[in-house]
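Colleague: Sequence plus predicted model, see below.
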Amino acid sequence: MNTLFALVDCNNFYVSCERVFNPSLIDKPVVVLSNNDGCIIARSNEAKALNIPMGAPFHIYKDFINAHRVKVHSSNYPLYGDMSNRVMNSLSEFNPNLEIYSIDEAFLKFNQTFRTNIRYDVLKIKESIFKWTGVPVSIGLGPTKTLAKIANTLAKKNNYDGIFDLSSKTQQEEILKDINVESIWGISKRWGSKLRMIGIGNALQLRDSSPRRIRQYLGVVVERIVYELQGVACLDINEILPKKNIMCSRSFGSTVNDKDSIKKFITEYTIRACEKMRSQNTRAQSVYIFLQTNRFNKDKQHNEGIIIGLNTPCSDTAKIIKLSTTVIDMIYRPGYLYQKAGIMLLDLIPENINQYDFFENTNYHPSDIRMQVIDSLNRKFGPGTIANGSLRSNNKEKWDSKKHYLSPRYTTQWDELPHAM
DNA sequence: TCTGGGGTCCTAGGACCC
DNA sequence: TCTGGGGTCCTAGGACCC
């Protein structure tokens, strides 16, 4: 029953994606920005070496970045999403027992037979992913997910070549004593400082503490981490389940005060969210729509959102747009400078569970067919080919999110495909 | 001028049931 | 003087992750 977990993590994923299609970025300091070019959310090793922090507001570092000739890219999510799919598909060829944990990380679970030659096998995975996708990965190995996570941070250090195996007990002792509690997966700064208050400062001390006591102090989540550090697996590979909630929200490129523009934005976000919902074959049972002013401003603030329950589960974009724009009518107040809006589709359930409403007499068929046609056309010819009529105003340019440093959509827009592919 | 956008899980407490 | 003891479901809020 000796199982082994591997955590495969793409190195500086967004930067690596940009480098695949723009080799001039290789060996240079590179950063990738969040939406609206707001924060720095990915850094190449060279940029990390310049001490540019994760999550830093771009405008504060702009001068520094120029002075050090750091290359800057706006985030290009269609590209990263597509590259992520390629990496995950490649991984699943080696081991179908995988959990996609985030856009750039996946856990693999190996059984004992695989273990005899595990180092060789893992090296082969790493090399193949790079050969097939151009994305470099690091792989950490351990008897539990938590230990595999820790192994992965070691794998990233230059002396280990991208692979680190933390399955030997003696090695665990040595390694864990040098890991701060806060850097353990699942332990934040807040819990870290609570642990330090009772004399637990590193991973070895947490491992050797009493799980019962930790549970009383911080709850079952941290208790499980103690067991995981001991090598007792509490967290298994999660099957890929459909999302229970789907959210789409954005900051506007600049503040907006007229209701019609806000309705156009919420319409756009609703379309996106509904597409995602249908792509996992689910329907929403309730919807949350919210509107916010800029919390960093000293202007008068107004944040409000409303949850609407639906009589029957719904995946029809037109119906949900009607709902979300109506909610905007309800919560919008003139005279405020709004900065962000969003929609969450909640309590998603599989679409094959038909829960007919006694009064509404729902027949999904015509709506489902219509949505399928729209989705397949948009997949084929690009997002937004078929869109709702109220979308796209003349103000689009003015309020579209800022992306001054955007790379081409190399992989998802076929008229711009580079020859390298 | 400028500060991201997603998600998940757990717990406590109230409503309701037998 | 006595005034049960469970269960389940739901919700809000808090915590964490990338």
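Modeller: That came through, no problem. Since this is a predicted model, take the numbers as computed values, not measurements.
Colleague: Would you mind listing what in chain A touches DNA strand C?
Modeller: By CB under 7 Å from any atom of the strand, the residues of chain A that approach DNA strand C are A:101-102, A:104-105, A:149, A:185-191. C-betas here are computed from N, CA, C, even on glycine.
Colleague: Any quick PyMOL command for the buried ones out of those?
Modeller: In PyMOL syntax, the buried subset of these is picked out as below (16 or more other CB atoms under 10 Å):
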select buried, chain A and resi 101+104+105+149+185+187+191
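Colleague: Looking at the residues of chain A next to DNA strand C, which one is closest to DNA strand B?
Modeller: Set against DNA strand B, the nearest of the residues of chain A next to DNA strand C by CB to the nearest atom of the strand is A:Ser102 (7.1 Å).
Colleague: Tell me how far the closest one lies from A:Leu176.
Modeller: 24 Å (CB to CB, to the nearest Å).
Colleague: I'd like the average pLDDT over the host helix or strand of A:Gln292.
Modeller: Taking DSSP states H and E as the definition, A:Gln292 sits inside strand A:282-293. Across strand A:282-293, pLDDT averages out at 91.
Colleague: helix or strand right after it?
Modeller: Sequence order places strand A:303-314 as the next helix or strand after strand A:282-293, per DSSP H and E.
Colleague: I'd guessed A:Ala162 sits against A:Lys156; true?
Modeller: If you look again at residue A:162, you'll see it is Gly, not Ala. Yes - using CB atoms under 8 Å, A:Gly162 is in contact with A:Lys156, at 7.5 Å.
Colleague: which residues are common contacts for these two?
Modeller: When contacts are counted by CB atoms under 8 Å, 6 or more residues apart in numbering, A:Gly162 and A:Lys156 are jointly contacted by A:11, A:138.
Colleague: Among the two, which residue is more densely surrounded?
Modeller: Using other CB atoms under 10 Å, the more surrounded residue of A:Gly162 and A:Lys156 is A:Gly162, with 21 against 15.
Colleague: what residues does the stretch 51-200 of chain A put near DNA strand B?
Modeller: Going by CB under 7 Å from any atom of the strand, the residues of the stretch 51-200 of chain A near DNA strand B are A:55, A:57, A:59.
Colleague: List the ones among these that fall in helices.
Modeller: A:His59 (DSSP state H).
Colleague: hmm, back to that, can you list the residues of chain A next to DNA strand C in TSV and add pLDDT and secondary structure?
Modeller: What follows is the residues of chain A next to DNA strand C, written out as TSV (pLDDT from 0 to 100; DSSP: H, G, I helix; E, B strand; the rest coil):
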residue	pLDDT	secondary structure
A:Tyr101	94	strand
A:Ser102	95	strand
A:Asp104	97	coil
A:Glu105	97	strand
A:Lys149	97	helix
A:Trp185	97	coil
A:Gly186	96	coil
A:Ile187	96	coil
A:Ser188	94	coil
A:Lys189	93	helix
A:Arg190	93	helix
A:Trp191	95	helix
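Colleague: now the strands: where do they sit in the stretch 1-150 of chain A?
Modeller: A:4-10, A:30-33, A:40-43, A:71-74, A:98-102, A:105-110, A:137-142 (DSSP state E, counting those that start in this stretch).
Colleague: Including distance to A:Glu18, could those go into JSON lines?
Modeller: Listed next are the strands of the stretch 1-150 of chain A as JSON lines, based on distance: least, CB to CB, whole Å:
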{"stretch": "strand A:4-10", "distance to A:Glu18": "12"}
{"stretch": "strand A:30-33", "distance to A:Glu18": "7"}
{"stretch": "strand A:40-43", "distance to A:Glu18": "9"}
{"stretch": "strand A:71-74", "distance to A:Glu18": "5"}
{"stretch": "strand A:98-102", "distance to A:Glu18": "18"}
{"stretch": "strand A:105-110", "distance to A:Glu18": "19"}
{"stretch": "strand A:137-142", "distance to A:Glu18": "16"}
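Colleague: Would you mind listing what in the stretch 251-400 of chain A touches DNA strand B?
Modeller: Checking the stretch 251-400 of chain A against DNA strand B by CB under 7 Å from any atom of the strand, the hits are A:251, A:269, A:276, A:294, A:296-297, A:339-340, A:342, A:344.
Colleague: Go through the lengthiest helix in chain A and flag the buried ones.
Modeller: Once chain A is assigned using DSSP H, the helix that runs over the most residues is helix A:259-279. For helix A:259-279, the neighbour count (16+ other CB under 10 Å) marks A:261-278 as buried.
Colleague: I'd say A:Leu406 and A:Tyr77 touch.
Modeller: No - with contacts counted by CB under 8 Å, A:Leu406 stays clear of A:Tyr77, the gap being 10.6 Å.
Colleague: Apart from its neighbours in sequence, what residue is nearest the residue of the stretch 251-400 of chain A with the smallest separation from DNA strand C?
Modeller: DNA strand C sits closest to A:Ile307 of the stretch 251-400 of chain A, with a gap of 7.0 Å, by CB to the nearest atom of the strand. Once flanking residues are discounted, A:Ile307 sits nearest to A:Tyr288: 4.7 Å by CB to CB, 6 or more residues apart in numbering.
Colleague: returning to what we had before: just how off-centre is the strand holding A:Gln292 within its chain?
Modeller: 19 Å (CA atoms, centre = their mean, to the nearest Å).
Colleague: between it and helix A:259-279, what angle do the directions make?
Modeller: Angle, strand A:282-293 to helix A:259-279, by axes from the mean of the first three to the mean of the last three CA atoms, to 10 degrees: 150 degrees.
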